[in-house]
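J.: Using only what follows, build the 3D model:
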Amino acid sequence: MNNKTIIEAVRYWVDDVVIAHNFCPFAGFVRQPETIHYAVCEAQDSADIMVALYDECRRLDDDDSISTTLLMLPALRCFDEYLDTLALAQTMMSQWHYEGEYQLASFHPDYQFEGEPVDSPSNYTNRAPYPVFHLIRERDITRALEDYDDPASIFEKNIARAEQLGCQHLQSQVQHCRKKAGAEH
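T.: Now for the predicted structure:
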């Protein structure tokens, strides 16, 4: 699989799932005009992934025209390995003194919220075609939330929308994003 295909599948997911279902009410503002940076790290070794994550933090430091970065990690197919790498990434973000500067959100094809059954539709609010670390500027989140009436309700609305749509529909949509990009199933 080439990086262009992976990026296209995630771009379709941002448009067709995240924005279309309003899972992130701020995503449309960074998608049009395009201020999302897409990067692929093919490494499976956590040290190499941390280098790629640090490089993306530095990119955000150096380029204010980028609002957010989606770092795709296609080699982290195993959700447990992904979670281990995510925990390390959160620790490293703190050690690099990026707490309060950037927030790290996470998405994975097999995402499962702790305490939720694997077949819960709510898991699809964080399921993407490929494993993704999402770097978000804290100042942009703060600024966006100032214009949002009830930020605490976002998560609850997402769950309600996911339950309304159902697992089968959402799974089909995520798979369709891969298919539109020319990725294998």
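J.: could you say what helices and strands the worst-scoring helix or strand of the chain on mean pLDDT packs with?
T.: Sorting the helices and strands of the chain by mean pLDDT, DSSP states H and E puts helix 138-146 at the bottom, at a mean of 78. Judged by 3 or more C-beta pairs under 8 Å, 6 or more residues apart in numbering; DSSP states H and E, helix 138-146 is in contact with strand 102-107. Using the backbone N, CA and C atoms, a C-beta is placed for each residue, glycine as well.
J.: in this structure, what spans have low per-residue confidence?
T.: Flagging of the chain using pLDDT under 70 yields the residue ranges 184-185.
J.: how near is the residue lying farthest from the centre of it to Glu156?
T.: In the chain, counting by C-alpha atoms, centre = their mean, Asp149 sits farthest out from the average C-alpha position, at 23.5 Å. In this structure, Asp149 and Glu156 are 13 Å apart, going by C-beta to C-beta, to the nearest Å.
J.: Ala183 too?
T.: Using C-beta to C-beta, one gets 32 Å for the distance from Ala183 to Glu156.
J.: Just want to know which of these two has more residues nearby.
T.: A direct count of neighbours by other C-beta atoms under 10 Å for Ala183 and Glu156 places Ala183 higher, at 19 against 10.
J.: ok, the more buried one touching Arg11?
T.: No - applying C-beta atoms under 8 Å as the test, Ala183 and Arg11 come out as separate, 12.0 Å apart.
J.: Now the common contact residues for those two.
T.: Applying C-beta atoms under 8 Å, 6 or more residues apart in numbering, one finds that no residue jointly contacts Ala183 and Arg11.
J.: And the least confident helix or strand of the chain, what's buried?
T.: Within helix 138-146, the residues scored as buried using 16 or more other C-beta atoms under 10 Å are 140-141, 144.
J.: What of stretch 29-44?
T.: Using 16+ other C-beta under 10 Å as the test for burial, stretch 29-44 gives 30-31, 36-41, 43.
J.: Could you list which of the residues you listed belong to helices?
T.: 30-31 (DSSP state H).
J.: which two from the buried residues of stretch 29-44 end up farthest apart in space?
T.: Arg31 and Ala43 (26.8 Å; C-beta to C-beta).
J.: mind listing the helices for the protein?
T.: Using DSSP H, helices in the chain cover 3-13, 27-31, 46-62, 79-95, 138-146, 153-165, 167-180.
J.: and among those helices, the most buried is which?
T.: Burial of the helices of the chain is given as mean neighbour count (mean count of other C-beta atoms under 10 Å); helix 3-13 ranks first at a mean of 20.
J.: excluding its backbone neighbours, what's nearest Glu81?
T.: Closest residue in space to Glu81, ignoring its immediate chain neighbours: Gln44 at 8.0 Å, by C-beta to C-beta, 6 or more residues apart in numbering.
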